[in-house]
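Visitor: model this:
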Amino acid sequence: METTTEIIVKEEDIDELEHVNNSVYVTYLEKGRGDWYREAGFSFEEMKKHQYGTVVVKLNITFIKEAKLRDRLKIKTIPIRLGNTSFDHKQEIYNEQGDMITEAFVTNVMFDRKERKSIPVVKELARHFNNE
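Guide: A predicted model of the protein is given here:
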């Protein structure tokens, strides 16, 4: 299941070079994954209720083009790999012209909030990956 999130670049996202600061992309990508979880039926509130969640263990970002103030961006979040306790998303950010400006690969681990350790990916989440 692929999702798309739209963001408009705000003034606080801009650095002294007048483009989106690299650290802000991490927030954009997190918003995209949050939307993916919600569409999969796993809002952060729902996961908390069941005493599990996910943690990012690896984030690889490639910056291709800059984004500037008031740009309308689209973040695509695509599930690409399902493991036993971990899973990967590919995320792509596009500008209004349809150019990919950022590409990221994110590895998350399913996490037991009470025991503070990894657990197998729950079936309700795993079913949103192609290899399940």
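Visitor: okay, CA-based contacts and neighbour counts for the rest of this
Guide: Noted.
Visitor: could you check how far the residue nearest to the spatial centre of the chain is from Leu17?
Guide: Among the residues of the chain, Arg33 comes closest to the average C-alpha position under C-alpha atoms, centre = their mean, at 3.0 Å. Taking C-alpha to C-alpha, to the nearest Å as the measure, Arg33 falls 27 Å from Leu17.
Visitor: assign the residue of the chain most remote from its centre to helix, strand or coil.
Guide: In the chain, counting by C-alpha atoms, centre = their mean, Glu16 sits farthest out from the average C-alpha position, at 25.9 Å. Three-state assignment for Glu16 (DSSP: H, G, I helix; E, B strand; the rest coil): coil.
Visitor: host element of Val106?
Guide: strand 100-112 (DSSP states H and E).
Visitor: may I see the buried residues of that strand?
Guide: Going by neighbour count (16 or more other C-alpha atoms under 10 Å), the buried part of strand 100-112 is 100-112.
Visitor: so where do the strands sit in this structure?
Guide: Using DSSP state E, the strands found in the chain span residues 3-8, 52-63, 72-82, 86-94, 100-112, 117-118.
Visitor: returning to what we had before: tell me the gap between the strand holding Val106 and the middle of its chain.
Guide: Computed by C-alpha atoms, centre = their mean, to the nearest Å, the chain-centroid distance of strand 100-112 equals 6 Å.
Visitor: go on, stretch 69-82?
Guide: That offset, for stretch 69-82, works out to 7 Å (C-alpha atoms, centre = their mean).
Visitor: kindly report the same for stretch 81-92.
Guide: Computed by C-alpha atoms, centre = their mean, the separation of stretch 81-92 from the middle of its chain amounts to 11 Å.
Visitor: in that stretch, which residues are buried?
Guide: Per 16+ other C-alpha under 10 Å, stretch 81-92 contains these buried residues: 81-82, 86-92.
Visitor: same check, this time on stretch 43-60
Guide: By neighbour count on 16+ other C-alpha under 10 Å, the buried set for stretch 43-60 is 43, 47, 52-54.
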